[in-house]
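1. Build me a model:
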Amino acid sequence: IAVDVEDAKLDLAMDLGAEHTVNAATVDPVAAIRALGGADVALVLAASPRVFEQAFASLNRGGRLICVALPADQEMTVSIFETVLKGISIIGSIVGTRQDLAEVFALHAAGHTKIIAEPRRLDQVNDAIAEVLSGKVLARLVFEY
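-> Down below sits the predicted model:
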């Protein structure tokens, strides 16, 4: 289940293999994910404490919340009661270790990943930054020299 606030990004998620999408700008993502049966694992890449809390609330018994993004606020609020009674694990993941890189290369070599990049000229750097900050970029921007 892919969750985002941009339809174009949700369309891309479907193209990449998501079975369901949820537009959090138009529906309550917790209710939508629960209606689909809940989540066993929630991987949070959005830098908003609210998104972490929504992901936590979407988890089934024994679920795992994987925290990757680093919100500026640095805090999220979760229920200790629900964490204990539902046996939920909260895991921090720093992405980018050598082991991570080796595993990603192996996944790509096995055909399980797809590179999605949009080229930009170096003189377009300011426009590219504006695109990224707008949240509309679907792919990685790669500068050509």
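2. mind listing what's buried in stretch 22-40?
-> Going by neighbour count (16 or more other Cβ atoms under 10 Å), the buried part of stretch 22-40 is 22, 23, 24, 29, 30, 32, 33, 38, 39. C-beta coordinates here come from the backbone N, C-alpha and C atoms, glycine included.
3. Quick one: distance of it to the chain centre.
-> Here the centre of stretch 22-40 is set off from its chain's centre by 14 Å, with Cα atoms, centre = their mean, to the nearest Å.
4. export it as CSV, just CAs?
-> Extracted C-alpha coordinates of stretch 22-40, given in CSV (Å, rounded to 0.1, in the frame of the first residue of the first chain):
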residue,chain,number,x,y,z
VAL,A,22,-4.1,6.0,-0.6
ASN,A,23,-4.1,9.7,-1.2
ALA,A,24,-3.7,11.1,2.3
ALA,A,25,-4.8,14.5,1.1
THR,A,26,-8.3,13.3,0.3
VAL,A,27,-8.9,10.4,2.8
ASP,A,28,-7.9,9.4,6.3
PRO,A,29,-4.9,7.1,5.6
VAL,A,30,-5.3,5.2,8.8
ALA,A,31,-9.0,4.3,8.0
ALA,A,32,-8.1,3.5,4.4
ILE,A,33,-5.2,1.1,5.4
ARG,A,34,-7.3,-0.5,8.1
ALA,A,35,-10.1,-1.0,5.6
LEU,A,36,-7.6,-2.9,3.4
GLY,A,37,-6.7,-5.2,6.4
GLY,A,38,-4.1,-3.0,8.1
ALA,A,39,-0.3,-3.1,7.7
ASP,A,40,2.2,-5.6,9.0
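5. Run through the bridge partners of residue 121.
-> residue 144 (DSSP bridges).
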